[in-house]
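Student: Following is a predicted model, sequence given first.
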Amino acid sequence: MGETVALIDYGAGNLHSVHNALKAAGANVAVTADPNVVRAADRIVLPGVGSFKACAQGLNAVPGMVEAMTERVQVGGAPFLGICVGMQLLAGSGLEHGNTPGLGWISGQVRLIEPTDRAIKIPHMGWNDVALLPHAKDHAVIEGGEAYFLHSYHFAADNPSDIAAMTDHGEGLVAAVARGNILGVQYHPEKSQAYGLATLKRFLEWKI
């Protein structure tokens, strides 16, 4: 059977397209809302579209899921990938529709994109550069390139060392965060064609 990737189902929207992309990358995917499946998985992917608040509430509404994720990733060391709002949920809190607690795995806050140039449109939508920071140039999964973004809020990380890549949309925005076995990308690999598929393949091969 090989390794199992648990794709967490908590009503977050982009499940089907992420599932298809992971399968195309060669993954043995278990779409699941079962904490026991997460505890047994080799790798974990948390998708997410929509608001931070709705996604946080949806994740917390699945009995035992946050505990199982924490046990498998924070304690067990399983490679983890958060996508879009799934990446934002790694933060301590999000300010979309009030102040909502996140997982707190990577210190920071998710805030509205507020460019000083009024000509810059929000949401940040479409293809944009993913530029690695020097300290992350040897990361096993994230590489420079172009990816598809769709978001109005951004991850303001507290620690520069947790930022793996940046993009630019009227201001510098975090494109990826990374700490140990935990990785989050603001862009959508499942919509980023060859670049996104290559990212997912590297995630599947990632050895911590």
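Tutor: Ah, there it is.

Student: per-residue confidence at residue 117?
Tutor: Residue 117 carries a pLDDT value of 88.

Student: these two touch, right, residue 77 and residue 208?
Tutor: Yes. With contact defined as C-beta atoms under 8 Å, residue 77 reaches residue 208; the gap is 6.1 Å. The C-beta positions use only the backbone N, C-alpha and C, and glycine is treated the same way.

Student: Determine the residues that are contacts of both of those two.
Tutor: 180-181 (C-beta atoms under 8 Å, 6 or more residues apart in numbering).

Student: Give me the more crowded residue out of the two.
Tutor: Ranked by neighbour count (other C-beta atoms under 10 Å), residue 77 and residue 208 place residue 77 first, with 12 against 9.

Student: ok, residue 39 touching residue 67?
Tutor: No. Taking contacts as C-beta under 8 Å, residue 39 lies outside contact range of residue 67: 9.4 Å.

Student: Which residue of the two possesses the greater neighbour count?
Tutor: The neighbour comparison of residue 39 against residue 67 (other C-beta under 10 Å) goes to residue 39, with 17 against 12.

Student: ok, now which ones touch residue 163?
Tutor: Residue 163 makes contacts with 133, 136, 157, 174, 176-177, as judged by C-beta under 8 Å, 6+ apart.

Student: Can you tell me which of those is nearest residue 33?
Tutor: Of all these, residue 33 sits closest to residue 177, with 25.0 Å by C-beta to C-beta.
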